[in-house]
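Asks: what follows is a protein structure lacking sequence information:
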């Protein structure tokens, strides 16, 4: 991730301003997303490593439940979003979802693709648009579509 995330940011989101915690971390600290199947389903966990500690600190589970996160498509730290593909709606379909990265009160998960389609997705750097390769039960052919993100960071 582009900057280390202070463990207090997730516990006390009202203390931070503009996604930055008031408490500074040691130089050399970094944060990362880790995928694990410890629950029987692949989910993402946010960790921060602080030099001097033996292990990275688990900040929070970014995803949970009886569904699978298949891939990370992008991380938008400015808007507290990690874009993932997964099977939240159905184990038979892959969709793009937006999950809150730091602040768990921000909602969970937001479906970013149309329900009747499934396929591959990619988010361009800067999060201005998304490429979604569509396929559905009603059509055999595949089509590529480009969606422009709206002001509220969703598309459709």
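Replies: Good, I have the coordinates. Here the structure is a predicted model, which means the values were calculated and not measured.

Asks: how about stretch 92-110: buried residues?
Replies: By neighbour count on 16 or more other Cβ atoms under 10 Å, the buried set for stretch 92-110 is 93-102, 104, 109-110. The C-beta positions use only the backbone N, C-alpha and C, and glycine is treated the same way.

Asks: cool, stretch 28-40 as well?
Replies: 29-31, 33, 35.

Asks: give the rounded mean pLDDT of it.
Replies: If you average the pLDDT over stretch 28-40, you get 94.

Asks: and for it, what's in contact with it?
Replies: 1, 3-5, 42-51, 56, 59, 62, 64, 69, 72, 75, 82 (Cβ atoms under 8 Å, 6 or more residues apart in numbering).

Asks: what's the end-to-end length of it?
Replies: 33 Å (Cα to Cα, to the nearest Å).

Asks: ok, so of the buried residues of stretch 28-40, who is nearest residue 9?
Replies: residue 31 (9.8 Å; Cβ to Cβ).

Asks: next helix or strand past the strand or helix carrying that closest one?
Replies: Residue 31 belongs to strand 30-36 when assigned by DSSP states H and E. Using DSSP H and E, the helix or strand that follows strand 30-36 towards the C-terminus is strand 43-49.

Asks: what mean pLDDT does that next one get?
Replies: Summarised as a single mean, pLDDT over strand 43-49 is 94.

Asks: and that strand with strand 30-36, angle?
Replies: 150 degrees (axes from the mean of the first three to the mean of the last three Cα atoms, to 10 degrees).
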